[in-house]
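*Asks:* Here is my input; please provide its structure:
(chains A and B)
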There are 2 protein chains.
Amino acid sequence: MKRSTFQHFDCSIARSLDLVGEWWTLLVVRDVFFGLHRFDAIRDDLGISRNILTDRLTTLVDGGVLERRPLEGGHHEYHLTEKGRALYPVLVSLMQWGDTWATPEGGPPLRLEHQCGHDPHPQLTCAECGEAVTRRTTKVRRNRPAAARP
Amino acid sequence: MKRSTFQHFDCSIARSLDLVGEWWTLLVVRDVFFGLHRFDAIRDDLGISRNILTDRLTTLVDGGVLERRPLEGGHHEYHLTEKGRALYPVLVSLMQWGDTWATPEGGPPLRLEHQCGHDPHPQLTCAECGEAVTRRTTKVRRNRPAAARP
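*Replies:* Now for the predicted structure:
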């Protein structure tokens, strides 16, 4: 079943999901963040078929999220591009939400350690004033007229 | 095609995606954040079939992300629970990433306005020291031994 596309949506969330919202895709990105760079290592970690992993890696390379680096001996590795590294806040936010609201048995498997030595309990803050960015402190405005539906 | 489940994954990102990672689901949540609470309003906005929307709303209500509130006349509305409102940083992070890396034609459709009057350009910061939480400033540690694969 081919999924639909969000390409035509006039929404940055939809456009993000069009690139990384497919089942398995963000877990592949997670694995690369965690230092798995080889096809077989990612496949072993996720336990998915070669076909699905090949498909997701192709999407991520074509979408500019990962780059494929050739190694000696015909092997190659997958590394995050700048665009891929920019997904860090998305993954951290999903991890935090899961830690609290969909906690794996035994509690959160991982914890973050900030350079200050503490668990950072990351929160979104305003680059201008430093205060928290929450639904209560922040409004959403139209930046321009909405595009017509195609 | 029934998707697989990430329920057994010992990972909070996977467990989050198990609840909200299915195609369309986060866009439904986005719509409720933006003030659409009625079935028909969400359906018109997303342009999806009644079947798919019914399925996603059921998942979200069963998963405790949305609650279904009866109205007079047999109608009802969908509202975010506390668990649903906690997805705010996930949506903001996806919006930011899309604004930069998958920009809709014409530029970002929406902008945030913080209570200080500025575009907050939200960033993750450490609740302890206030400095930025990035891949460079933050390590990922195991919190406990990994669970065995079932």
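
*Asks:* which residues of chain A fall in strands?
*Replies:* With DSSP state E as the criterion, chain A has strands at A:66-70, A:76-80, A:110-114, A:123-125, A:138-142.

*Asks:* strands paired with the first one, and their directions?
*Replies:* The sheet places strand A:66-70 alongside strand A:76-80 (antiparallel), with pairing taken from DSSP bridges.

*Asks:* Can you list the buried residues in the partner strand?
*Replies:* Buried residues in strand A:76-80, counting neighbours by 16 or more other C-beta atoms under 10 Å in any protein chain shown, are found at A:77-78, A:80. Heads up, the C-betas are built off the backbone N, CA and C, glycines and all.

*Asks:* Look up how far chain B lies from the residue of chain A most remote from its centre.
*Replies:* Using C-alpha atoms, centre = their mean, the residue of chain A lying farthest from its centre is A:Gly73. It sits 30.3 Å away. Distance from A:Gly73 to chain B, counting by C-beta to the nearest C-beta, to the nearest Å: 29 Å.

*Asks:* and that residue, what pLDDT?
*Replies:* Note on A:Gly73: pLDDT of 89.

*Asks:* List the contacts of it.
*Replies:* Taking C-beta atoms under 8 Å, 6 or more residues apart in numbering or on different chains, we find A:Gly73 in contact with no residue.

*Asks:* now the strands of chain A as JSON lines including distance to B:Tyr88 and mean pLDDT?
*Replies:* Putting those into JSON lines (distance: least, C-beta to C-beta, whole Å; pLDDT from 0 to 100) gives the following:
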{"stretch": "strand A:66-70", "distance to B:Tyr88": "28", "mean pLDDT": "97"}
{"stretch": "strand A:76-80", "distance to B:Tyr88": "25", "mean pLDDT": "97"}
{"stretch": "strand A:110-114", "distance to B:Tyr88": "19", "mean pLDDT": "94"}
{"stretch": "strand A:123-125", "distance to B:Tyr88": "8", "mean pLDDT": "97"}
{"stretch": "strand A:138-142", "distance to B:Tyr88": "9", "mean pLDDT": "93"}
